[in-house]
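In: structure for this input, please:
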Amino acid sequence: METVKLKIKWSLPHSYTLIFLIIVAIAGLTWIVPSGQFDRQEVLVDGSSRTAIIPGTYHTVPKISEQGDLRQGFAQIASAPLEGIINGADVVAFVLIVGGAFRIILQTGAIDRALIALAGRLKSKGILLIPIAMVIFSGIPK
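Out: Next up is the predicted model:
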């Protein structure tokens, strides 16, 4: 009788699974890694006030204090994705707007037609198309 070996194909887990595992791992580390902080001070930078750390002032702080518990539990793990979306709402909105704009531009075929027209005009100097496209798509530097 022959033995048949089955090959199990390994695949990368879903991105949400990876994010959840990272959240759980980091929450677990809040119970193990000692808590600490630097002292801070207000400094003027280009006419505006900013908070900066004071070098050499690192000290440990208790995990449970009057300000609260620094350890992360099941409630914090469950609420982390929602808090992340709320705190990053401006970035999420920006990405959606820019993504929608690119979708519209790509659907109209404007970029394709522009690149074809540019390649037609350059003819034998087509190698210049790549650097020209890079400058156009990266934006004009200040």
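
In: give me the number of residues near E2?
Out: Counted with other C-beta atoms under 10 Å, residues neighbouring E2 total 4. Heads up, the C-betas are built off the backbone N, CA and C, glycines and all.

In: how much space between it and R121?
Out: 65 Å (C-beta to C-beta, to the nearest Å).

In: could I get the contacting residues of L70?
Out: L70 makes contact with T30, S35, V61, K63, I64, according to C-beta atoms under 8 Å, 6 or more residues apart in numbering.

In: then K123?
Out: Contacts for K123 (C-beta under 8 Å, 6+ apart) come out as none.

In: and for G88, the neighbour number?
Out: 12.

In: check the secondary structure at W10 for me.
Out: With DSSP: H, G, I helix; E, B strand; the rest coil as the basis, W10 sits in coil.

In: wait, V43
Out: Secondary structure, three-state DSSP: V43 is strand.

In: hmm, it is touching A52, no?
Out: Yes - between V43 and A52 there is a contact at 4.8 Å, judged by C-beta atoms under 8 Å.

In: then stretch 115-126 to CSV, C-alphas only?
Out: In CSV, the C-alpha atoms belonging to stretch 115-126 read as follows (Å, rounded to 0.1, in the frame of the first residue of the first chain):
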residue,chain,number,x,y,z
LEU,A,115,0.3,58.9,-21.0
ILE,A,116,-0.5,57.5,-24.5
ALA,A,117,-0.5,61.1,-25.9
LEU,A,118,2.8,61.9,-24.1
ALA,A,119,4.4,58.6,-25.4
GLY,A,120,3.2,59.5,-29.0
ARG,A,121,4.8,62.9,-28.8
LEU,A,122,8.1,61.6,-27.3
LYS,A,123,8.3,58.8,-30.0
SER,A,124,12.0,57.8,-30.0
LYS,A,125,12.7,59.5,-26.7
GLY,A,126,10.2,57.3,-24.9
